[in-house]
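Asker: turn this into a structure:
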Amino acid sequence: MRHNPAVADRRRYGDESWRLARAGDAAALHRASALLAGGPEGPDYEARRARAFALAVEGDVDAAVAELDEGSTKEWPFPQALAADTARIRFLAKDYEQALVSLRRAVHGAERLDPQVAELVEAVAARAPQLRMQALRVALGGGTTWQRLRNAAAVAAARS
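Answerer: Predicted coordinates for the structure are as follows:
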């Protein structure tokens, strides 16, 4: 497996774009997108991701999903990461059922599950209790046995 600078940057700095999106700060997301796009090769996935989150916060979900798709390449993001980001956009748009559809793709068969993805499944269950059983199936769809059990328990107990 080769080094991917986008993955390294996200781990080093945390996921500031997602934090801003959850806070509903579209203006800061647009600024972040502009700063991240400042390289000589133009906007990369992280810049487009920040812009996509801004568009989702502003209510333009179709444009947000298109922005993610335009930013993806063969190298990055991995299909599971793209599905997780699509789920984040659907979550921001309060389209919880479609968020779970995307999360199912992000989780399916993963040997280890990204804790942020598990937290998003839990957040969907908290915001849309009628989808709790679907969220439980998603939580049980990937990760180690311990992660599956812990995530299922968190989904079952999720409250907004």
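Asker: centre-most residue in the chain?
Answerer: Ranked by distance to the mean C-alpha position of the chain (CA atoms, centre = their mean), the top residue is D85 at 3.1 Å.
Asker: quick check: that residue touching G71?
Answerer: No. At 9.4 Å, D85 does not count as touching G71 under the criterion of CB atoms under 8 Å. C-beta: built from backbone N, CA, C; applies to glycine.
Asker: give the intersection of the neighbour lists for these two.
Answerer: Shared contacts of D85 and G71 (CB atoms under 8 Å, 6 or more residues apart in numbering): R49, A52.
Asker: now the residue nearest to the centre of the chain: which helix or strand?
Answerer: Assessed by DSSP states H and E, D85 sits inside helix 79-92.
Asker: distance from the chain centre to that helix, please.
Answerer: Its chain's C-alpha centre and that of helix 79-92 lie 4 Å apart, by CA atoms, centre = their mean, to the nearest Å.
Asker: check stretch 32-51 too.
Answerer: Between the centre of stretch 32-51 and the centre of its chain there are 17 Å (CA atoms, centre = their mean).
Asker: so what touches that stretch?
Answerer: Contacts to stretch 32-51, defined as CB under 8 Å, 6+ apart, come from residues 6, 9-10, 16-17, 20, 29-30, 54, 67-68, 70-73, 76-77, 85.
Asker: show the contacting residues for the residue lying closest to G24 once chain neighbours are set aside.
Answerer: Nearest residue to G24, sequence neighbours excluded (CB to CB, 6 or more residues apart in numbering): V57, at 5.5 Å. Neighbouring residues of V57 by CB under 8 Å, 6+ apart: A21, G24, D25, A26, L29, L92.
Asker: buried subset of these as a PyMOL selection?
Answerer: Filtering the contacts of V57 down to the buried ones (16 or more other CB atoms under 10 Å) takes a single PyMOL command:
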select buried, resi 21+25+26+29+92
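Asker: export the contacts of V57 to TSV and append columns for distance to R49 and secondary structure.
Answerer: Conversion of the contacts of V57 to TSV gives the following (distance: CB to CB, whole Å; DSSP: H, G, I helix; E, B strand; the rest coil):
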residue	distance to R49	secondary structure
A21	9	helix
G24	16	coil
D25	15	coil
A26	14	helix
L29	9	helix
L92	12	helix
